[in-house]
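Visitor: Here is my input; please provide its structure:
(one chain, ligands or ions: 2)
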Amino acid sequence: MPKIVTLPGDGIGPEVTAAAVAVLREVAPDVTIEEHLIGGVAYDTHGDPFPQVTRDALKDADAVLLGTVGGAQDSAWNLLPRHLRPESGLLALRKALGCYANLRPVRVQPGLEHLSPLKAELARGVDILIVRELLGGVYFDGDRKIDGDTAYNTMRYTTPEVERVARVAFWAAEQRKGRVTSVDKANVLEVSELWRRDVTALRDREYRGVHLNHEYVDSVAMLIVSDPSRYDVIVTENLFGDILSDLAAVIPGSLGLMPSASLGDGSGLFEPIHGSAPDIAGKGMANPAAAIMSAGMLLRHGLKRPEGANQIDRAVALALREHPTRDLGGKADTQTFTRAVLSALETSP
Ligand code: ATP
Ligand code: MG
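Guide: Ligands and ions are numbered 1, 2, ... in the order given. Sure, this is the predicted structure:
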């Protein structure tokens, strides 16, 4: 029986995680769900934002569903030394799981095109999955220095690092439209030459059914907003992915609609990309859609149960159309929205 650890965390985290758990129980009733503390609430209870009991619970977890971590600007937690603040619990969690691929779907929900900063005709039907390499490249390479008026960082990748993240992208593409765009800067960077060569070789060896093309990152930055429908899965290295995923995240038009997954060799981490939203915490008005869709990603990528994930995606799309939450210009509160998802699951499984 698969085991999931939930870490609801702070702010609206517990509210949106409760919604996601209710949906998981409906779609995957055989899964064991164990709840633990992280962030500010973990500090309050254990004096540690990533306590040992939580670390231990992760050891035999198949996947981790995270809420949100952090408090308001003026929260007492912000007066603590840095290593005891809620956010350092989050960093320690990410480090402990060692995830090398970050996945962010960028989907404009049918009926919510008006929320997008793009013109409705451009926004309609946008459905991109960005797969960003998370542990390598210029952010992590040890070869770095600042010395007087000179400084450098290095972007370095090895074939195994490229292959493991590309494999995630190809696997995902096989369940989508079967297209991968690999993004690099191979006209000027040797590291991109290697990236391009290895991604191509992997496709030729193991994923011949997937259509692969290569584009330069500067060109993608333009096309992702001027012609987003051209993309299915985008795979890229850490720095390019950091920038492109934030750029693309504005397309759906609300933070409350953005789930994410981080995958490694151990348990994956699934979380909404929005923060703890202290301004609305405890009021029952948070939009749980991103957390619920993160639970969908957990089923798809963490437990390899794509049918359950598809069920959730369909139910969320329907609930968003019929009961939009306040951040989307509607009236539904957290409970009403969650009930709408649950009843959509029952009526159209
Ligand atoms: P952090 O520093 O934790 O990332 P932040 O201030 O950058 O926090 P959020 O906490 O995500 O960002 O909040 C930004 C704004 O969006 C807030 O006004 C918040 O209320 C709103 N918001 C974020 N998530 C949701 C949600 N799920 N439902 C409704 N509103 C949300
Ligand atoms: Mg933020």
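Visitor: quick one, phi psi at the residue nearest the centre of the chain?
Guide: Compute the mean C-alpha point of the chain, and by C-alpha atoms, centre = their mean the closest residue is Ser260, 1.3 Å away. Per-residue torsions, Ser260: phi -160, psi 160 (degrees, to the nearest 10).
Visitor: Now do the contacts for it.
Guide: Going by C-beta atoms under 8 Å, 6 or more residues apart in numbering, Ser260 touches 102-104, 270-273, 294, 297. (Each C-beta comes from the backbone N, C-alpha and C, glycine too.)
Visitor: Next to ligand 1, which bits of this protein? Give me the list.
Guide: Residues of the chain found near ligand 1 (C-beta under 6 Å from any ligand atom) are 12, 16, 70, 255-256, 274-277, 279-280, 286-287, 290, 327.
Visitor: Among those residues, name the buried ones.
Guide: 12, 16, 70, 255-256, 274, 276-277, 280, 286-287, 290, 327 (16 or more other C-beta atoms under 10 Å).
Visitor: thinking again about what came up before, give me the beta-bridge partners of the residue nearest to the centre of the chain?
Guide: Glu271 (DSSP bridges).
Visitor: circling back: adding neighbour count as columns, could you present the contacts of Ser260 in JSON lines?
Guide: Shown next, in JSON lines, are the contacts of Ser260 (neighbours: other C-beta atoms under 10 Å):
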{"residue": "Asn102", "neighbour count": "23"}
{"residue": "Leu103", "neighbour count": "26"}
{"residue": "Arg104", "neighbour count": "23"}
{"residue": "Phe270", "neighbour count": "29"}
{"residue": "Glu271", "neighbour count": "29"}
{"residue": "Pro272", "neighbour count": "30"}
{"residue": "Ile273", "neighbour count": "17"}
{"residue": "Ser294", "neighbour count": "27"}
{"residue": "Met297", "neighbour count": "26"}
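Visitor: of the residues you listed, closest to ligand 1?
Guide: Nearest to ligand 1 out of the contacts of Ser260 is Pro272 (C-beta to the nearest ligand atom; 6.5 Å).
Visitor: Low-confidence ranges, the stretch 201-349 of the chain, go.
Guide: 349 (pLDDT under 70).
Visitor: now the strands for it?
Guide: Along the stretch 201-349 of the chain, the stretches classed as strands by DSSP state E, counting those that start in this stretch are 211-216, 233-236, 259-263, 268-272.
Visitor: out of those strands, nearest to Tyr139?
Guide: The minimum distance between Tyr139 and the strands of the stretch 201-349 of the chain falls on strand 233-236, with 13.4 Å, by C-beta to C-beta.
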